[in-house]
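In: quick one: sequence plus predicted model below, questions after.
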Amino acid sequence: MLAAFRGELFKVARRPAVWVCVVALILLAVAFSYVLLGLVYSHPPKGSNQNLPPGTTLSIFLVTLYPINFVKETLSTWAGLGGVFALIIGVLVQGSEFGWGTVKTLYTQRSGRLAMLTGKLGALAVVVLLMVVGLFLATGAASLVVASLEGADTSFPPADVIAKGLAACFLIYAFWAVFGVVLATLFRQSAMAIGLGLAYALVFENLVFGLLSLIGGNTINQIHQWFPIANGGYLVESFGAVRVRGINTGATPFADATHAVTLLLVYVTAFIVLSAWMLRTRDVTS
Amino acid sequence: MVETRGLTKHYGNGIVAVDNLNLVVRRGEVYGFLGPNGAGKTTTLRMLLGLIRPTSGSATVVGGAPGSPASLAKVGAIVETPAFYPYLSGLDNLRLLATYCGVPVERVGAALDQVELTPRARHKFSTYSMGMKQRLGIAAALIKQPDLLILDEPTNGLDPQGMADVRNLIIELGRGDRTVLVSSHLLGEVELMCTRIGVIRKGKLVAEGTIDDLRGAATLKVRATPADKALDVLERDAGAGNVGVQDDGSFSIKVDLERTAEINEHLVKAGIAVTELRPDERSLTDVFMELTGTEGGL
């Protein structure tokens, strides 16, 4: 099993597509959340204060970009969107084996199929961890730059909050990565897996429950609480909203963090078991 | 080294890919697994490697169950086109496989030397020609220093020079104790490489033995006139049951070929004009076509 893990690490470390996803996420997070929003908040366009309390401008939102809020800010925007990148990495790590036909090469080496899957999931966990740590380092550094430029307080949240933030983001990304693995295993290819995965991530759950909530109200929320994107949201909301003077920026989560973590862990475990079952029982004919 | 007992694979759509296959490959031999396209060769080899689960029957591969770590540790294989990671170099692909197999990476260099791929080892796999991919596949199969090599159509897609190179390499690899199980639909190739062959048709093993066994004993072909007088002489020499008359009027005689000169002398002394006298061997092609009812690979 250790040999399989080392082999998978060897592969992902040398695979450009994986690191393109990681770097793209980090660059997007810094560029959008800190550079773009920092410019907009510090130089509010004319007329942008229409929906704000009297006498205020968009500059009141600069506080969201300061280090003390970087965990909340990073999670609220990038725990969801970054999941898409984690999904793509999960699909690539598993689906390409079918596309290249290397699945037969893998399974005719010494380790068994389950050992190979374990090695792959281990390597994927390392990539996701690096992605999360890289994201937090980049957004933390960007928040420090913004606060320094604005002459604001540069203190960071307590270490336990940062650690919990990292763990929450890791769990959410791990869910998406494993979702990618199970889809790629199911379809034995990358294209279909990425297509359906993105459709679910960006459209299906939010659209369906968004529309249903218009007619079903609380009943729909009761159902939605068992779905993964909702639970990623609950977990992020459990960190609280950034307090902006005069603005109500946060909603109370429908379910608590324990519920969210439990549900996401159940999904991760179920997807791993499902992938293992498919890999173990299916013939390799490609 | 390899033994299958009633190995069978059915697919859901009613196709019987392999049907009650009983195969024995002995240590040290180069065994040719011969059959037309779609006969079930690759499915059989995939079952021996644990890639496909048989519907019924069983197999033992180097003392272990197909696909078990104990068995795979002693087996090197190429199944159809060798598949590697395109973004890695040939060298890195082999290092990776060495890591998976738990064998020293130092073996990688030797394997690359053996298939003469060292000069291109640091180039990406995606830039390799078909012949280089095939050679890398063989190098990958060799890094485990396996007791058994399973090679599925190893010369597929190669030019004549590449085919000859791979063929010579397989003959070289098959020397000594190592066992090679090589599938092919190319008769000439099998004839040159293999010590024993099995012929599969529609999933069934229809013949197994050495090439000489399958060809049968050579006969003596005689064409002479007058034919009736020649028949008398030949039946006297070889026995009536051993002389056959062919459609073209020639005779096919089952006789020790050492007696060719003696038979010729008897015919000539009897005043018979001998226009053709030569040993007549059935080619492997004839045997293959007879057994499979095809001209596959020809």
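Out: Structure received. Residues are numbered from 1 along each chain as shown, chains lettered A, B, ... in the order given.

In: hmm, who's touching whatever helix or strand A:Ile194 lives in?
Out: Assigned by DSSP states H and E, A:Ile194 falls within helix A:191-199. The contact list for helix A:191-199, computed with C-beta atoms under 8 Å, 6 or more residues apart in numbering or on different chains, reads A:84, A:87-88, A:91, A:95, A:176, A:179-180, A:183-184, A:186-187. C-beta: built from backbone N, CA, C; applies to glycine.

In: tilt between the helix or strand A:Leu207 falls within and helix A:191-199?
Out: In the assignment (DSSP H and E), A:Leu207 maps to helix A:205-216. Counting by axes from the mean of the first three to the mean of the last three C-alpha atoms, to 10 degrees, helix A:205-216 lies at 40 degrees to helix A:191-199.

In: middle-most residue in chain B, spatially?
Out: Centroid-nearest residue in chain B, with C-alpha atoms, centre = their mean: B:Gly32, separated by 2.2 Å.

In: which phi and psi does the residue in the stretch 51-200 of chain B positioned nearest to chain A have?
Out: With C-beta to the nearest C-beta as the measure, B:Ala83 is the residue of the stretch 51-200 of chain B nearest to chain A, at 3.5 Å. B:Ala83 adopts backbone torsions of phi -120, psi 130, taken as degrees, to the nearest 10.

In: show residues contacting stretch A:120-129.
Out: By C-beta under 8 Å, 6+ apart, stretch A:120-129 touches A:4-5, A:8-9, A:11-12, A:18, A:22, A:86, A:89-90, A:93-94, A:170, A:173-174, A:177-178, A:181, A:272.

In: what subset of the residues you listed is also close to chain B?
Out: The subset of the contacts of stretch A:120-129 lying close to chain B, counting by C-beta under 8 Å from any C-beta of the partner chain, consists of A:4, A:11.

In: so, low pLDDT: which residues of the stretch 101-250 of chain A?
Out: Residues of the stretch 101-250 of chain A that meet the criterion pLDDT under 70 lie in A:245-250.

In: who in it is up against chain B?
Out: A:101-102, A:104-112.

In: so where do the helices sit in the stretch 151-286 of chain A?
Out: Using DSSP state H, counting those that start in this stretch, the helices found in the stretch 151-286 of chain A span residues A:159-187, A:191-199, A:205-216, A:218-224, A:228-237, A:257-281.

In: wait, what's in contact with B:Asp237?
Out: Applying C-beta under 8 Å, 6+ apart to B:Asp237 gives the contacts B:255, B:259, B:262-263, B:266.

In: ok, those vs chain A, which is closest?
Out: Nearest to chain A among the contacts of B:Asp237, with distances taken as C-beta to the nearest C-beta, is B:Val255, at 49.9 Å.

In: what about that closest one, neighbour count?
Out: As a burial measure, B:Val255 scores 21 neighbours (other C-beta atoms under 10 Å in any protein chain shown).

In: on that earlier part again, which pair of the contacts of B:Asp237 spans the longest distance?
Out: Greatest spatial distance in the contacts of B:Asp237: B:Val255 and B:His266, 11.8 Å, computed using C-beta to C-beta.

In: contacting residues around the residue in chain A that chain B sits nearest to?
Out: Going by C-beta to the nearest C-beta, chain B is nearest to A:Gly101 of chain A, at 3.5 Å. By C-beta under 8 Å, 6+ apart, A:Gly101 lies in contact with A:286, B:81, B:83.

In: also B:Gly67?
Out: B:Gly67 neighbours (C-beta under 8 Å, 6+ apart): A:107, A:112, B:49-51.

In: let me have the residues you listed in a markdown table, extended by distance to A:Leu263, secondary structure and neighbour count.
Out: Listed next are the contacts of B:Gly67 as a markdown table, based on distance: C-beta to C-beta, whole Å; DSSP: H, G, I helix; E, B strand; the rest coil; neighbours: other C-beta atoms under 10 Å in any protein chain shown:
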| residue | distance to A:Leu263 | secondary structure | neighbour count |
| --- | --- | --- | --- |
| A:Tyr107 | 33 | helix | 21 |
| A:Gly112 | 31 | coil | 19 |
| B:Leu49 | 40 | coil | 22 |
| B:Gly50 | 36 | coil | 23 |
| B:Leu51 | 36 | coil | 23 |
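
In: if the closest residue to B:Val245 other than its chain neighbours is in a bridge, with which residues?
Out: Closest residue in space to B:Val245, ignoring its immediate chain neighbours: B:Phe251 at 6.0 Å, by C-beta to C-beta, 6 or more residues apart in numbering or on different chains. On DSSP bridges, the residues paired with B:Phe251 through beta bridges are B:Val222, B:Val245.

In: so how far is chain A from B:Phe251?
Out: 52 Å (C-beta to the nearest C-beta, to the nearest Å).

In: could I have the helix or strand hosting B:Thr99 exported to CSV, CA atoms only?
Out: Assigned by DSSP H and E, B:Thr99 belongs to helix B:90-101. Backbone C-alpha positions of helix B:90-101 (Å, rounded to 0.1, in the frame of the first residue of the first chain) are rendered in CSV as follows:
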residue,chain,number,x,y,z
GLY,B,90,10.2,6.5,-20.5
LEU,B,91,12.7,6.5,-17.7
ASP,B,92,10.2,8.0,-15.2
ASN,B,93,7.5,5.6,-16.3
LEU,B,94,9.8,2.7,-15.5
ARG,B,95,10.9,4.3,-12.2
LEU,B,96,7.2,4.6,-11.4
LEU,B,97,6.5,0.9,-12.1
ALA,B,98,9.6,-0.1,-10.1
THR,B,99,8.1,1.8,-7.2
TYR,B,100,4.8,0.1,-7.6
CYS,B,101,6.5,-3.3,-7.8
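
In: enumerate the residues of the stretch 51-200 of chain B near chain A.
Out: So the stretch 51-200 of chain B meets chain A at B:51-53, B:67-69, B:72-73, B:75, B:77, B:79, B:81-88, B:92, B:95-97, B:99-102, B:140, B:144 (C-beta under 8 Å from any C-beta).

In: if we go to 6 Å?
Out: Within reach of chain A by C-beta under 6 Å from any C-beta of the partner chain, the stretch 51-200 of chain B has these residues: B:51-52, B:69, B:72-73, B:77, B:79, B:83, B:87, B:96, B:99-102.

In: can you turn the buried part of those residues into a ChimeraX selection?
Out: The following ChimeraX line selects those of those that are buried, judged by 16 or more other C-beta atoms under 10 Å in any protein chain shown:
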select /B:51,52,72,73,77,79,83,87,96,99,100,101,102
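
In: rewinding a little: give me the buried positions along the helix holding A:Ile194.
Out: Those would be A:193-194, A:196-197, for helix A:191-199 by 16+ other C-beta under 10 Å.

In: looking at those residues, spot the one nearest B:Ala39.
Out: Distances from B:Ala39 to these, taken by C-beta to C-beta, are shortest for A:Ala193, at 34.1 Å.

In: which non-adjacent residue is nearest the closest one?
Out: A:Leu183 (3.7 Å).

In: that older thread, now intersect the contacts of B:Asp237 with the helices, please.
Out: B:262-263, B:266 (DSSP state H).

In: show the buried residues in those residues.
Out: Buried by 16+ other C-beta under 10 Å: B:263, B:266, out of the ones in helices among the contacts of B:Asp237.

In: now the helices of the stretch 151-286 of chain A in a markdown table, with distance to A:Ala125?
Out: A markdown table is the format used below for those (distance: least, C-beta to C-beta, whole Å):
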| stretch | distance to A:Ala125 |
| --- | --- |
| helix A:159-187 | 7 |
| helix A:191-199 | 18 |
| helix A:205-216 | 24 |
| helix A:218-224 | 28 |
| helix A:228-237 | 18 |
| helix A:257-281 | 10 |
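
In: follow-up on the earlier one: could you tell me the angle between the helix holding A:Ile194 and helix A:159-187?
Out: For helix A:191-199 against helix A:159-187, the angle by the same axes, to 10 degrees is 140 degrees.
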